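>>> Just the structure for this:
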Amino acid sequence: MRTSVRKLLHLLKPTTSDYPEKSHGNIEAIPYQLNIEITHKESTTHDNVTEFWFRPNKKINLIKVIVRIENDEDVIEGNKETEYSNNDWHLLVGYEDVRTGDNWTFTFIYSLTDRNEPLTLKINYTV
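Down below sits the predicted model:
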């Protein structure tokens with residue numbers, strides 16, 4: 001990652017929350033009508049850390065998520081066994097020194113819980 005953006009949290013586990021209350025990311029429809037919302041918020045437990053959260057509209061299993069900013073890439077390996085519930089917010093990752101106006105790309109490689117085929121959803125997101 002670029003020197004001013006450093007990963008702090010790497011939490012692909014079922015961490016859910018009622019917040020954040022609204023999303024700011026692009027919602028993209030793909031096969032099987034899956035939508036994933038992305039949002040961010042400042043961490044309440046770590047200084048200068050921005051957390052990125054996601055909310056699928058269907059139950060999914062994550063294979064991996066590729067996070068890109070500028071020319072840098074971070075790959076978050078998923079656990080195919082963990083089911084991410086629909087309509088709940090799940091903590092994806094946290095980074096330090098995130099700036100307003102940063103353009104991020106999140107590529108989710110996942111499977112629906114009732115299907116075994118891998119699918120891909122790319123979401124462009126501006127902080």
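>>> got a list of contacts for the host helix or strand of residue 108?
Per DSSP states H and E: residue 108 is located in strand 103-112. For strand 103-112, contacts defined as Cβ atoms under 8 Å, 6 or more residues apart in numbering pick out 25, 32, 34, 36, 38, 52, 54, 58-70, 78, 80, 92, 117-127. C-betas here are computed from N, CA, C, even on glycine.
>>> Neighbours of residue 124, how many?
Look at residue 124: counted by other Cβ atoms under 10 Å, it has 13 neighbours.
>>> what are the bridge partners for it, then?
Residue 124 has these beta-bridge partners by DSSP bridges: residue 105.
>>> Likewise for residue 61?
Assessed by DSSP bridges, residue 61 has beta-bridge partners residue 83, residue 111.
>>> ok, back up a step: of the contacts of strand 103-112, select the buried ones using a ChimeraX command.
This is how ChimeraX selects the buried members of these, with burial counted by 16 or more other Cβ atoms under 10 Å:
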select :25,34,36,38,52,54,58,60,61,62,63,64,65,67,68,69,78,92,119,121,123,125,127
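>>> Which of the contacts of strand 103-112 fall in strands?
The strands, defined by DSSP state E, take in 36, 38, 52, 54, 60-69, 92, 119-126 from the contacts of strand 103-112.
>>> Give me the below-cutoff pLDDT ranges for this protein.
Of all residues in the chain, those with pLDDT under 70 make up the ranges 1-32.
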